[in-house]
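1. here's my sequence, what's the structure:
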Amino acid sequence: MASIDIRDLKNNKVGEMDFDDEVFKWDVKHQLLHLLVRDALVRKRLGNAKTKGRSEVSGSTSKPWRQKGTGRARSGRVTSPVWVGGGVAFGPKPKNYRLRLNKKVRKAALRSALSVKYREGRLIVLDEFMLEGIKTRAVADCLKKLNAEDSLIVYTGENSNLDLSSRNLRNVKTIKSEGINVYDILSREKLVMTRDAVQSIVEVLA
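-> Take a look at the predicted model:
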């Protein structure tokens, strides 16, 4: 069984937590991490680039001139791609760039990402992360004490005070446990999770 210290917002140890080795001591599969990071990046592409083909360009459908006898090249329509103002041949069309990855692959990659943070000592588990009000300074001070100024904070339930207090911190991102993903984990130096968030993730991945 893997174990980790549970700390409060002042970085004091308040307990210890055991969890399944299948989640935080998984064999790291770098190829899966690469796939999930790549998928996260291509999902940001809109894929809405489009050009009009010859059938979509407005213009006369009549033949500009007769086929033979004029000395000019034969032509069928003014919307031809070889004409100025005509359609575009083989132009871009709306496309979805997302990779087709099944749930088994995504779960294995998430286990690998969590295991990387655990093995490198960059995983911090908090008893809770509750704030009395909306105060950016309060979050910044807490993260400074935890030595986690560049971090991903994972929590469960509703915590609007934390979300609103941390949104102006450039290197901090908050996310609910059900939305945790490989890209966000690897893009931050530290992973800060509440006790409840760890339990919910273990229930899903173990």
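2. so Leu123 makes contact with Ser115?
-> No: under the criterion of CB atoms under 8 Å, Leu123 makes no contact with Ser115, lying 9.4 Å away. (C-beta placed from N, C-alpha, C; glycine too.)
3. between the two, which contacts overlap?
-> Phe24 (CB atoms under 8 Å, 6 or more residues apart in numbering).
4. how far does the helix or strand of the chain with the lowest mean pLDDT sit from its chain's centre?
-> Using mean pLDDT, DSSP states H and E, helix 21-24 stands out as the lowest-scoring helix or strand of the chain, at a mean of 81. In this view, helix 21-24 has its centroid 22 Å away from the chain centroid, taken as CA atoms, centre = their mean, to the nearest Å.
5. okay, buried residues for the next helix or strand after it please.
-> Using DSSP states H and E, the helix or strand that follows helix 21-24 towards the C-terminus is helix 30-42. In terms of neighbour count (16 or more other CB atoms under 10 Å), helix 30-42 has its buried residues at Leu32, Leu33, Leu35, Leu36, Val37, Asp39, Ala40.
6. distance from helix 30-42 to the middle of the chain?
-> 10 Å.
7. ok, stretch 154-168 next?
-> 18 Å.
8. show me what counts as buried in it.
-> Val154, Tyr155, Thr156, Asn159, Asn161, Leu162, Leu164, Ser165, Ser166.
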